[in-house]
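> this one's sequence-less:
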Ligand SMILES: Cc1ncc(C[n+]2csc(CCOP(=O)(O)OP(=O)(O)O)c2C)c(N)n1
Ligand SMILES: [Mg+2]
């Protein structure tokens, strides 16, 4: 199945344009070739996980006839990289996260991608994804701690609060002498909230250098483009002006996401918080949802679901 996704033949050799590279390295540099082959299969694994997460998202939102597919689809690659490669975390969930990396979702409306990533990485049974937004489900529209869903450490959905929470956790880890990292994710529309900018200043003043905050810079929000609703200008320069270390990446290119998150990790411990400006496409992976704010929080109907699923390969098996 992975071979099909990447056009590898039965021996794992690339059938497409990288062939020449593969053939050369196979013949002349066996060690380097082995590394290349391992990498390409590893990337295929991550890409196949994010494809399944995208299927989960549209099926969950369709099943509930409500929810937020747009931002969720755009952030599927980021969640895959975090939960399947970058973070040191334990799916045998422990609220305190001692000696673990922690992630806080501040833009809580994109819960479908969060729930799918948690289930797919072993926090709870993938079958539970079918209960999304149903009465008495632990998978509420916006994550809440009183549902005791493994992986959820804070309620979110009321925008603007998650960076303050992440800073609190990051300071706690420093006080406890822990070297682990705190990650947070924010929508670009979410940056309209004043509390975020207080947190941005606070993190610099208090040298919160074990925090990596990512901004989903998709230029879309609930009622239109961010340029139309509230123009942020050059977000990267704003974070820099406030004193953060900043990085930028294409959040829908798995290798860039991995590289940038690793670069961010290597910049921790230098007295400054780190922000990643993540360019994504709202609705990524479903052509009629892409770049359209109307898919911020609307469920696909039966026909739209079928069209969407035809574009999203089932790689790990549907729930
Ligand atoms: C404090 C607060 N104000 C308003 C809202 C309503 N609201 C929900 S999502 C959203 C837009 C968020 O935009 P963005 O973070 O860019 O999300 P995207 O559309 O890209 O998924 C708004 C205004 C909210 N959830 N919380
Ligand atoms: Mg947005």
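It's in. Keep in mind it's a predicted model, so treat the numbers as computed, not measured. Ligands and ions are numbered 1, 2, ... in the order given.
> the residue nearest to residue 141 when sequence neighbours are not counted: neighbour count?
Excluding its sequence neighbours, the residue lying closest to residue 141 (C-beta to C-beta, 6 or more residues apart in numbering) is residue 133, at 5.1 Å. The way it works is simple: take the backbone N, C-alpha and C, and place the C-beta from them, glycine included. For residue 133, the count of nearby residues is 19 (other C-beta atoms under 10 Å).
> grab the nearest non-local neighbour of whatever residue of the stretch 1-150 of the chain ends up closest to ligand 2.
Among residues of the stretch 1-150 of the chain, the one nearest ligand 2 by C-beta to the ion turns out to be residue 71. It sits 6.0 Å away. In space, and not counting its chain neighbours, residue 71 is closest to residue 110: 4.2 Å by C-beta to C-beta, 6+ apart.
> the one you found falls within a helix, correct?
Yes: judged by DSSP: H, G, I helix; E, B strand; the rest coil, residue 110 forms part of a helix.
> I'd guessed it sits against residue 72; true?
Yes: with contacts counted by C-beta atoms under 8 Å, residue 110 reaches residue 72, the gap being 4.5 Å.
> residues in the stretch 1-150 of the chain within reach of ligand 1, list them.
Residues of the stretch 1-150 of the chain lying close to ligand 1 (C-beta under 6 Å from any ligand atom) are 70-71, 107, 109-110.
> which one of those residues sits closest to residue 223?
residue 70 (12.7 Å; C-beta to C-beta).
> now do the SS call for the closest one.
With three-state DSSP as the criterion, residue 70 reads helix.
> per-residue confidence for it?
With respect to pLDDT, residue 70 has a value of 98.
> the chain should start at 567 in everything you say after this.
Okay, residue one is now 567; in that scheme the one you just asked about reads as residue 636.
> which residues in the protein form helices?
Ranges of helices in the chain, per DSSP state H, are 568-572, 585-594, 596-630, 635-640, 642-647, 677-686, 728-741, 760-771, 792-795, 801-807, 820-832, 868-877.
> which one of those lies closest to residue 713?
Going by C-beta to C-beta, the one of the helices of the chain nearest residue 713 is helix 677-686, 10.9 Å.
> pLDDT on that closest one, on average?
98.
> ok, back up a step: quick one: the residue nearest to residue 707 and residue 708 touch, right?
No: when contacts are counted by C-beta under 8 Å, residue 699 is not listed as touching residue 708 (9.8 Å).
> run through the residues that contact residue 670.
Counting by C-beta atoms under 8 Å, 6 or more residues apart in numbering, residue 670 makes contact with 719-720, 722, 728, 731-732, 735, 748-751.
> look up how far residue 719 lies from it.
Distance of residue 670 to residue 719, given as C-beta to C-beta, to the nearest Å: 7 Å.
> single out the residue in this structure that lies closest to ligand 1.
Residue nearest to ligand 1 within the chain (C-beta to the nearest ligand atom): residue 753, separated by 1.8 Å.
> pull the number of nearby residues for that residue.
Other residues near residue 753 come to 29 when the count uses other C-beta under 10 Å.
> so what's it bridging to?
Bridge pairing for residue 753 (DSSP bridges) gives the partners residue 782.
> now for it: which residues touch it?
Residue 753 sits next to 637, 672-673, 675-676, 725, 781-782, 784, 787 when contact means C-beta under 8 Å, 6+ apart.
> near ligand 2, which residues of the protein are found?
753-755, 784, 786-787 (C-beta under 5 Å from the ion).
> any chance of these in TSV, with distance to residue 800 and pLDDT too?
Formatted as TSV, the residues of the chain next to ligand 2 follow (distance: C-beta to C-beta, whole Å; pLDDT from 0 to 100):
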residue	distance to residue 800	pLDDT
753	17	98
754	12	98
755	16	98
784	16	98
786	18	98
787	18	98
